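Trainee: sequence first, then the predicted structure, then my questions.
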Amino acid sequence: MDAKAKHRDRVTMEVADGVDSESEIQQRRMRRVGLLYDERMCKHSTPDGGQHPENPDRIKVIWNKLQAAAIPQRCVILGAKEAEDKHILSVHSKNHVNLIKNISSKQFDSRRNRVASKFNSIYFNEGSSEAAYLAVGSAIEVTERVAKGELDSAVAIIRPPGHHAEQDEAMGFCLYNNVAIAARFLLDEKPELGISKILIVDWDVHHGNGTQKMFWKDPRVLFFSVHRHEFGSFYPATDDGFYTMIGEGPGAGYNINVPWENGRCGDADYFAVWDHILVPVAKEFNPDLIIVSAGFDAAAGDPLGGCCVTPYGYAVMLKKLMNFAHGKIVLALEGGYNLESVANSVLACVEVLLEDNPIRGSSEAYPFESTWRVIQAVRQKLSSFWPSLADELPEKLTNKKAPPAAHILTSSSDSEEEDYEAPNAISKHLEEVLQDVMEPLSKLKIDESIQDHAASNSNTWRSELSKVDVWYATFGSNLWLKRFLCYVEGGQVEGMKKPYLGSRDKTPPKEIMWKTFPHRLFFGREFTHTWGPGGVAFLNPKSNIQDKTYMCLYRITLEQFNDILVQENVASFATSSPLFDLAALNSVTREEPHSLQVHLELKRCWYGNVVYLGKESNIPILTMTCTQSDMEGFKSAELALCAPAKNYANSIVRGLVEGKQLSQEAAMAYIQEASTKPL
């Protein structure tokens, strides 16, 4: 193949096609771009002045970068104003609005931190209320100006972000859902402006769960989110961001999720999604206005995102969107926690909106194989709603792919090794701060020296625990050997909605045996990420001679037990240290058999207690189940008891039958009794 042919075969991005006419050049020179920044939004900060990824420097550094590039002189500078409650109430509950409005008042001084602790990844201080109202008001202001035609496009440099905030809950650094409120304002309050269809593009690395729910049944809004998902284990760690979530009723087909299976996705992956999902659908939808939930935490070097999008990548994605809605586009800042990356990325986007400089750069990389797989799945799921997605992508195209992303088991919310060079190194102190404030957000990506240190610690404990055997006693779906091996070897079985990565050591169990124990089996909770609707098995941590539970014991290493413990619980833990170490094992085995020793209090996790059940062949028998406080919650009905789903129950039946413990009929009766017998 000659050099020219090779060049043609590369995946490169050509932004401009053909030669612009004089009128088009003149039109570009006249574009009016709004820019909104107000330092009052910096008043929202941690109450103790501690470090936090979502801090005032995020918007300050963006504004400073734009000023250094003389951007404000070329834009229309807008002032921020606080939103009115009536507009916020279009998407949030009265209780939520009252809380955010009053949280900064003196009456909350003594309990502000306590209130914040009840939410997921939220802090409050005396400036939070004002900043939240300014962020919403700013989003409304720029969106209305663009809708009126006073501006061609606009950028709102606002915080706190908004796309995680749900109707009645602040979460993920977000207090009010800025973008959702602005969209609802135009659709419901300003029909005279002629904006009847809005495309919301959420390119933040985390799924916009709040925005999705607010327009779930609304065909006036096409919500598109591309995000790191990893089968529901990456923040916000739910199935809401899966590609099967497409909307409901009249909104069916108007909710599009593109869920990355791994980290490290970069320009080529995003360009492929734009070209083969977003752009074709946008042509059919033909929006009147576009709002971008512009999070820049998928940028290379972001400490929370773990992806590799460059400023050039963001510029190209935005340029492609400008072909729709006559270029009426609003960018509202969401995430982005590497100060250099977020500033450079916003600058690149503003320059695109100004349209007075060509986009410089290129991308010769290929998408990951997993990217093509996700794109194909999304297209197939939505093809009945959007005819442009009905055709299969040619094999010649999908064969152009990057080497697979190497999977490592670090935690249930982090399955990708990061190997890019971050523009800003993250200090170890900041790493500790982020671990405290971000749980269960995604794992930090830190500089190589820290990675080497963590890897060294990980190898040390793994080597140590790989020499110690334990019996892992199972009582639920893991009674079925094939299902249990998903935790060791990786993969999934029939009925499971997501695969598992498996343990670092994929050696199968050395021995398998069955025993019964005097503990009560029951089924609780109403939904799981793995099996869908229905309860899952729990064991009463306290023994009772009148109870009897069948348990399959797998002889595995303590290292493997730790990896299974991580996979059983949706939380974020670094692997520089084990969750259940030799000291914990020595402590628990000093107790009498069947007694409970709590070694692991995992926040928001269901199997956070390790229970010692005695020994077999002088090897300790361990199982994992709910905490005693959760047990009390099940008894008081604070936590729901629920019969298992059919697929989940079938896995237990198969385990009992294949293990020659019960007949199929007896196994079904065993599950029925556990499901209906009062606690």
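Mentor: Nice, thanks for sending it over.
Trainee: Ala139 and Glu169, how far apart?
Mentor: Noted for Ala139: a distance of 19 Å to Glu169, by CB to CB, to the nearest Å. (Glycine included, C-beta is placed from N, CA and C.)
Trainee: these two: who's more crowded?
Mentor: Ala139 (30 against 18; other CB atoms under 10 Å).
Trainee: and the more buried one, which of the three is it?
Mentor: helix (DSSP: H, G, I helix; E, B strand; the rest coil).
Trainee: for Lys660, same thing?
Mentor: coil.
Trainee: Ile556 too?
Mentor: What three-state DSSP gives for Ile556 is strand.
Trainee: the one 3 residues further on now?
Mentor: Classification of Glu559 by three-state DSSP places it in helix.
Trainee: quick one: it and Arg504, what's the gap?
Mentor: Distance of Glu559 to Arg504, computed by CB to CB: 7 Å.
Trainee: okay, and the common contacts of the two?
Mentor: Counting by CB atoms under 8 Å, 6 or more residues apart in numbering, the shared contacts of Glu559 and Arg504 are Arg462.
Trainee: the two: which is more packed in?
Mentor: Glu559 (21 against 16).
Trainee: which stretches in the stretch 251-400 of the chain count as helices?
Mentor: Assigned by DSSP state H, counting those that start in this stretch, the helices in the stretch 251-400 of the chain fall at 267-273, 279-285, 311-321, 339-354, 369-382, 395-398.
Trainee: the longest one packs against which elements?
Mentor: So that's helix 339-354. strand 33-37, helix 57-68, strand 153-157, helix 311-321, strand 329-333 (3 or more CB pairs under 8 Å, 6 or more residues apart in numbering; DSSP states H and E).
Trainee: just put these in CSV and tack on mean neighbour count, mean pLDDT and distance to Thr211.
Mentor: Shown next, in CSV, are those (neighbours: other CB atoms under 10 Å; pLDDT from 0 to 100; distance: least, CB to CB, whole Å):
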stretch, mean neighbour count, mean pLDDT, distance to Thr211
strand 33-37, 22, 98, 20
helix 57-68, 18, 98, 20
strand 153-157, 28, 98, 15
helix 311-321, 23, 97, 17
strand 329-333, 28, 98, 11
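Trainee: among the helices of the stretch 251-400 of the chain, which is nearest Phe475?
Mentor: For the helices of the stretch 251-400 of the chain, the distance to Phe475 is smallest for helix 369-382, at 33.7 Å, taking CB to CB.
Trainee: tell me which residues are up against that closest one.
Mentor: Outside helix 369-382, the residues that reach it (CB under 8 Å, 6+ apart) are 243-244, 246, 253, 256-262, 265, 268-269, 272-273, 276-277, 281, 389-390, 392-393, 398, 401-402, 404-405.
Trainee: of all the helices of the stretch 251-400 of the chain, which lies closest to Tyr554?
Mentor: Taking the helices of the stretch 251-400 of the chain one by one with CB to CB, helix 369-382 is closest: 30.0 Å.
Trainee: same list, the helices of the stretch 251-400 of the chain, but as a markdown table with distance to Asn209 please.
Mentor: What follows is the helices of the stretch 251-400 of the chain, written out as a markdown table (distance: least, CB to CB, whole Å):
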| stretch | distance to Asn209 |
| --- | --- |
| helix 267-273 | 19 |
| helix 279-285 | 21 |
| helix 311-321 | 21 |
| helix 339-354 | 22 |
| helix 369-382 | 18 |
| helix 395-398 | 29 |
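Trainee: Leu199 is nearest to which of the ones you listed?
Mentor: helix 279-285 (6.1 Å).
Trainee: stretch 493-512: end-to-end distance?
Mentor: Its start and end residues considered, stretch 493-512 measures 20 Å (CA to CA, to the nearest Å).
Trainee: in it, what's buried?
Mentor: For stretch 493-512, the neighbour count (16 or more other CB atoms under 10 Å) marks 493, 495-498, 500-504, 509 as buried.
Trainee: what's the farthest-apart pair in those residues?
Mentor: Gly495 and Arg504 (25.9 Å).
Trainee: pull the distance from stretch 257-276 to the chain's centre.
Mentor: Chain-centre distance of stretch 257-276: 14 Å, with CA atoms, centre = their mean, to the nearest Å.
Trainee: re earlier: of the buried residues of stretch 493-512, closest to Leu321?
Mentor: Relative to Leu321, the closest of the buried residues of stretch 493-512 is Lys498; by CB to CB it sits at 31.0 Å.
Trainee: got any ranges where this protein has weak pLDDT?
Mentor: By pLDDT under 70, the weakly predicted segments of the chain are 1-30, 363-364, 404-459, 570-576, 591-604.
Trainee: just want the most central residue of it.
Mentor: Tyr235 (3.0 Å; CA atoms, centre = their mean).
Trainee: so that residue, which of the three states?
Mentor: coil.
Trainee: ok, which stretches of the stretch 451-600 of the chain are helices?
Mentor: With DSSP H, counting those that start in this stretch applied, the stretch 451-600 of the chain shows helices at 481-488, 558-568, 582-588, listed in chain order.
Trainee: measure how buried the nearest residue to Tyr472 once chain neighbours are set aside is and give me the count.
Mentor: The shortest distance from Tyr472 to any non-neighbouring residue, by CB to CB, 6 or more residues apart in numbering, is to Tyr554 (4.9 Å). By other CB under 10 Å, the residues close to Tyr554 number 24.
Trainee: I'd guessed Asp533 sits against Ala640; true?
Mentor: Actually, residue 533 is Pro. It isn't Asp. No: counting by CB atoms under 8 Å, Pro533 does not reach Ala640; the two are 11.6 Å apart.
Trainee: what touches both of these two?
Mentor: In contact with both Pro533 and Ala640: Glu526, using CB under 8 Å, 6+ apart.
Trainee: tell me the contacts of Leu558?
Mentor: 465-466, 468-470, 578, 580, 582, 585.
Trainee: from Leu465, how far out is it?
Mentor: Taking CB to CB, one finds Leu558 at 4 Å from Leu465.
Trainee: now the helices for the stretch 101-250 of the chain?
Mentor: 112-117, 128-148, 178-184, 209-214.
Trainee: tally of neighbours for the nearest residue to Arg31 once chain neighbours are set aside?
Mentor: Leaving aside its chain neighbours, Arg31 sits nearest to Asp152 (4.7 Å; criterion: CB to CB, 6+ apart). Number of residues near Asp152 (other CB under 10 Å) recorded here: 23.
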